[in-house]
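Peer 1: Quick one: sequence and predicted model below, then my questions.
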Amino acid sequence: MSIADTGIVARAQPRAVYRARVAQHWNAADWQWRPGCSTVFQCPEWLTPFYQALAQHEPDIEPLILDVTADDGTLAYSLPLLRRSLGALQVVEFADLNMTDFNAPLLGPAAPRTPADAARAWRAVRRALAPCDAVRFTKMPPLIGERPNPLCLPGGLLPAAANGNLLVPGESWHDYHFGLERTVRKELERCWRVFNRAPEASFVTITDPDEALAMLVQMEDLQRVRMRDLGQFYGLDEPVTADFYRRLIAGGLEKGYTKLTVLRAQGEFVAGLLGVYDGQTYVMIRLVHRGDGNWSKISAGRLVVHKTLEWLHGEGCRKFDFSVGNYPYKRRFGPVRMPMSDRVEALSARGIPMMLKARAAGWLRARPHLRERVRLMMGKPPSREEI
């Protein structure tokens, strides 16, 4: 017997209707953050210092906070954005400026879960952002907590240049540590023994903001010298970036969001690791270590990472992300690479060249062997990340 024979008529589910509105200022009180509804970089503790530093040093860059709601007014998602001029183009991006590792929406109860609903919500976003020339959203993870990222559900995605590096060590630190490759584990244990022979050797967590800010100055000096010696560009002392890190420490340390861990010995700084923690996931954002003298023999950078993981694991953290960049030291700890996506779309005819360029770059990223051949043809050296 068919459904028709029973007299029951199947009704199609009503289409979700979404509306988007844009605010041109940041107000932390309006940001409906809850655990698990974003990545660690969409917390108010990250966005507040970002927008404050932006207003202080880049007044021509306009903050945009975009809310997408369902027809009944329930929040679907919010986007922390900015609008800036790139030549003659007006481009909308995430609140990033190369400081945010993972860009994502803040999910609300009505967040789309299907490609069709996500596409309808995206059309509302596009209408709200007109008359800008292009939208350039980068470094977007496919999942936010256990829910799909609605910006990654519709078609048109490009593979991102960066990926996450997630480590989930399980409940037993002992099992994780002894599950490392034997050579890696033995080297970490040897380095820790050698380090502890130095006078006043210690691993410390910095909780005082003034002490942390003084430590940040030392970290900046070491990074600046190292990047200069490597012949690499160092952009972390740009005014907005430097100010952001100071505000991040001043506002986030006492709340437990910002974490600064340090190796010290002989009365001097040996290594430091700055990270952020939303109560579920810890992400490393800045690693600095001395490589001179006796400290060159103890792999101080890897050592402070290992001791930080061990300490946070004891505090209940079970997810650690080594952030973007596939450097060899990260592989030794066993994280899993987590791919991310970009979405670059033209909103006007002037934005089409930017969109086409992004699509060409994404096409090459999806073909790594061809990409390396192109790099060689252009005379570019291999990426330091993969060496």
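Peer 2: Nice, thanks for sending it over. Remember, it's a predicted structure, so these values are computed and weren't measured experimentally.

Peer 1: how far out from the middle of the chain is stretch 241-255?
Peer 2: 16 Å (Cα atoms, centre = their mean, to the nearest Å).

Peer 1: Check stretch 359-371 too.
Peer 2: 22 Å.

Peer 1: Just the C-alpha atoms of it, please, in PDB.
Peer 2: Only the C-alpha atoms of stretch 359-371 are listed here, as PDB (Å, rounded to 0.1, in the frame of the first residue of the first chain):
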ATOM      1  CA  ARG A 359      40.800  30.000  -7.700                       C
ATOM      2  CA  ALA A 360      44.100  29.500  -9.700                       C
ATOM      3  CA  ALA A 361      46.000  29.300  -6.400                       C
ATOM      4  CA  GLY A 362      43.600  26.900  -4.900                       C
ATOM      5  CA  TRP A 363      43.700  24.700  -8.000                       C
ATOM      6  CA  LEU A 364      47.500  24.500  -7.600                       C
ATOM      7  CA  ARG A 365      47.200  23.700  -3.900                       C
ATOM      8  CA  ALA A 366      45.100  20.700  -4.700                       C
ATOM      9  CA  ARG A 367      48.000  19.400  -6.900                       C
ATOM     10  CA  PRO A 368      51.000  19.600  -4.600                       C
ATOM     11  CA  HIS A 369      53.500  17.900  -7.100                       C
ATOM     12  CA  LEU A 370      52.600  20.400  -9.800                       C
ATOM     13  CA  ARG A 371      52.800  23.300  -7.300                       C
END
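
Peer 1: Show me what counts as buried in it.
Peer 2: 362, 364 (16 or more other Cβ atoms under 10 Å). Every residue, glycine included, has its C-beta placed from N, CA and C.

Peer 1: Quick one: residues in contact with it.
Peer 2: For stretch 359-371, contacts defined as Cβ atoms under 8 Å, 6 or more residues apart in numbering pick out 158, 159, 160, 161, 342, 344, 374.

Peer 1: Same question for stretch 211-230.
Peer 2: By Cβ under 8 Å, 6+ apart, the residues outside stretch 211-230 that reach it are 206, 233-234, 236-237, 242, 245-246, 249-250, 253, 258, 260, 262, 269, 272, 274, 286, 288-291.

Peer 1: Only the buried subset of those, as a PyMOL command please.
Peer 2: Listed next is the PyMOL selection for buried residues among those, using 16+ other Cβ under 10 Å:
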select buried, resi 206+236+242+245+246+249+253+258+260+262+269+272+274+286+288+289+290
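
Peer 1: Low-confidence bits of the stretch 151-300 of the chain, can you list those?
Peer 2: Along the stretch 151-300 of the chain, no part satisfies pLDDT under 70.

Peer 1: Mind jotting down where the strands sit in it?
Peer 2: For the stretch 151-300 of the chain, the strands defined by DSSP state E, counting those that start in this stretch cover 158-167, 202-206, 258-265, 268-277, 281-289.

Peer 1: could you dump the ones you listed to JSON lines with distance to residue 67?
Peer 2: Listed next are the strands of the stretch 151-300 of the chain as JSON lines, based on distance: least, Cβ to Cβ, whole Å:
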{"stretch": "strand 158-167", "distance to residue 67": "25"}
{"stretch": "strand 202-206", "distance to residue 67": "36"}
{"stretch": "strand 258-265", "distance to residue 67": "27"}
{"stretch": "strand 268-277", "distance to residue 67": "24"}
{"stretch": "strand 281-289", "distance to residue 67": "24"}
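
Peer 1: Residue 115: which of those is closest?
Peer 2: strand 158-167 (16.6 Å; Cβ to Cβ).

Peer 1: just checking, what packs against the closest one?
Peer 2: strand 134-140, strand 319-321, strand 336-346, helix 352-365 (3 or more Cβ pairs under 8 Å, 6 or more residues apart in numbering; DSSP states H and E).

Peer 1: still on that earlier bit, now list the buried members of the contacts of stretch 359-371.
Peer 2: Applying 16+ other Cβ under 10 Å to the contacts of stretch 359-371, the neighbour count classes 158, 159, 160, 342, 344 as buried.

Peer 1: Now do the same contact list for the fourth one.
Peer 2: Shown in contact with residue 342 (Cβ under 8 Å, 6+ apart): 136, 137, 138, 139, 140, 157, 158, 159, 160, 161, 358, 362.
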